[in-house]
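1. Please find the sequence and the predicted model below.
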Amino acid sequence: MSQYVVLIADALSPQAAELLARNPSVEVRHVDGTDRPALLAALPGADAVLVRSATRIDAEALAAAPRLKAVARAGVGLDNVDVAAATAAGVLVANAPASNVVSAAEHAVALLLALARQVPRADASLREGRWARASFTGVELAGKTVGVLGLGRIGSLVARRLAAFDMEVVAHDPYADEEHARSLGVRLTGLDELLARARFLTVHLPLTAATKGLIGADALRRVRPDLRIVNAARGGIVDEEALYAALVEGRVAGAALDVYEREPCTDSPLFGLDNVVVTPHLGASTPEAQERAGTQAAESVLLALAGLPVPDAVNTPLPAAGRPAAGRPAVAEPAVPVR
Ligand SMILES: NC(=O)c1ccc[n+]([C@@H]2O[C@H](COP(=O)([O-])OP(=O)(O)OC[C@H]3O[C@@H](n4cnc5c(N)ncnc54)[C@H](O)[C@@H]3O)[C@@H](O)[C@H]2O)c1
Ligand SMILES: O=C(O)CC[C@@H](O)C(=O)O
């Protein structure tokens, strides 16, 4: 008979459930965590719960789960888990911090290119039967300065990719290591210089009290009018109201957003602007990232539940993100410091 019940509350890669189910002590149950009554009804029987982004594990959910020993999130941020309440309740919280960083970095670069070349609007226009070449002039990346805000795991991967486009890459991150930055071809700067010089700005910060609204009305008054901003980190770091004002007043040339102050976000004044590209929080939405995130979260749960053995890894190996693969030069992918 199974000793531990592990509840999967969001749509995770099937490999997560497969990994858990290989352990005879574990019974896997599924619940739709966005159906709050169903979640609260399932939690009392759970020893561990796995979530992605949709399910909120807050103080109420934790109080409904007296047997709970671990919450694991298949992703980087822990925004939907009340870590303080879990800690107070003696519940271990784990994330999968390197699982989706390559996908997130690639999505940020995709947004930056889509914005620079107006790809979404040109695509929509042609599908409507218009051959409007003159309407969709873009800008080149080569030779332009990109400011990377936050030179952690994802910021470093983005910096390296944009350096390959022959951009001048500057970064602001008070905690970044000079040598690490140099190895990426990145120059560290203060925020003021980054804001004043950048033609592109890409945000890769966690959402904290210090970063909330960091790119707000004040910062947006100090930027070039031809600046294009990408935020694929967390909504709220770029203040949406201030961004809207800067865009309509021509103080900023464009923005590409994957994340929003409130999610899901299906209605925003920003969505009505031609110089804005938007996606619905898709940074980690690839099978590769989801397989890694799901299996890493499952592995954490097995370890948390009395150190259960982790079966042989079934996940897609991470292609040298956050750790250089043997035999590859150190600069091929940055060994991003994991704090
Ligand atoms: N869009 C998506 O689907 C998606 C996917 C994965 C991660 N993310 C988000 O991307 C962001 C970055 O993730 P990561 O894995 O690179 O995180 P990370 O912790 O590796 O890097 C964050 C960096 O920000 C720096 N930093 C912190 N406060 C700062 C400040 N005030 N000013 C400048 N720098 C500061 C830190 O020193 C660190 O180097 C997070 O918000 C994460 O949740 C989004
Ligand atoms: O895809 C997701 O669910 C979240 C991705 C990302 O924001 C994360 O925190 O890892």
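-> Thanks, I have it. Ligands and ions are numbered 1, 2, ... in the order given.
2. Can you tell me the SS state at the residue in the stretch 101-250 of the chain positioned nearest to ligand 2?
-> In the stretch 101-250 of the chain, the residue that lies nearest ligand 2 is Ala104 (6.6 Å; Cβ to the nearest ligand atom). C-betas here are computed from N, CA, C, even on glycine. Assigned by DSSP: H, G, I helix; E, B strand; the rest coil, the conformation of Ala104 is helix.
3. Tell me which residues touch Ala54, please.
-> Asp10, Gly33, Thr34, Asn80 (Cβ atoms under 8 Å, 6 or more residues apart in numbering).
4. what do you get if the cut-off is 7 Å, keeping everything else the same?
-> Asp10, Gly33, Thr34 (Cβ atoms under 7 Å, 6 or more residues apart in numbering).
5. Give me the phi and psi angles of the closest residue to the second one other than its chain neighbours.
-> Counting by Cβ to Cβ, 6 or more residues apart in numbering, the nearest residue to Gly33 once its immediate chain neighbours are dropped is Thr55, at 2.7 Å. Note on Thr55: backbone dihedrals following degrees, to the nearest 10 are phi -90, psi 130.
6. what's the answer for the one 10 residues further on, then?
-> In this entry, Ala65 is assigned phi and psi values of phi -130, psi 70 (degrees, to the nearest 10).
7. Just give me the neighbour total for it.
-> Ala65: 25 surrounding residues under other Cβ atoms under 10 Å.
8. Check whether the closest residue to it other than its chain neighbours sits in a helix, strand or coil.
-> Nearest non-adjacent residue to Ala65, counting by Cβ to Cβ, 6+ apart: Leu43, 3.9 Å away. Of the three states, Leu43 takes helix under three-state DSSP.
9. surely Leu43 meets Ala63?
-> No. Using Cβ atoms under 7 Å, Leu43 makes no contact with Ala63, being 9.0 Å away.
10. In terms of neighbours, single out the busier of those two.
-> When Leu43 and Ala63 are compared for neighbours, Leu43 comes out ahead with 23 against 13, by other Cβ under 10 Å.
11. And the pLDDT at the more buried one?
-> We have a pLDDT of 98 for Leu43.
12. Kindly provide the distance from it to Val6.
-> 12 Å (Cβ to Cβ, to the nearest Å).
13. Val71 should be in a strand, yeah?
-> Yes. Counting by three-state DSSP, Val71 falls inside a strand.
14. For Thr286, see how far away it is.
-> 24 Å.
15. same question, Val252
-> 29 Å.
16. who's more crowded, the two?
-> More crowded of Val252 and Thr286, by other Cβ under 10 Å: Val252, with 24 against 17.
17. The residue lying closest to that one once chain neighbours are set aside: neighbouring residues, count only.
-> Among residues not flanking Val252 along the chain, Ala246 sits closest, at 4.2 Å (Cβ to Cβ, 6+ apart). The local packing of Ala246 (other Cβ under 10 Å) involves 24 other residues.
18. tell me what the helix or strand that contains Ala246 is packed against?
-> Secondary structure assignment for Ala246, by DSSP states H and E: helix 240-248. Where contact means 3 or more Cβ pairs under 7 Å, 6 or more residues apart in numbering; DSSP states H and E, helix 240-248 is packed against helix 217-220.
19. Having no further points to raise, I will conclude here.
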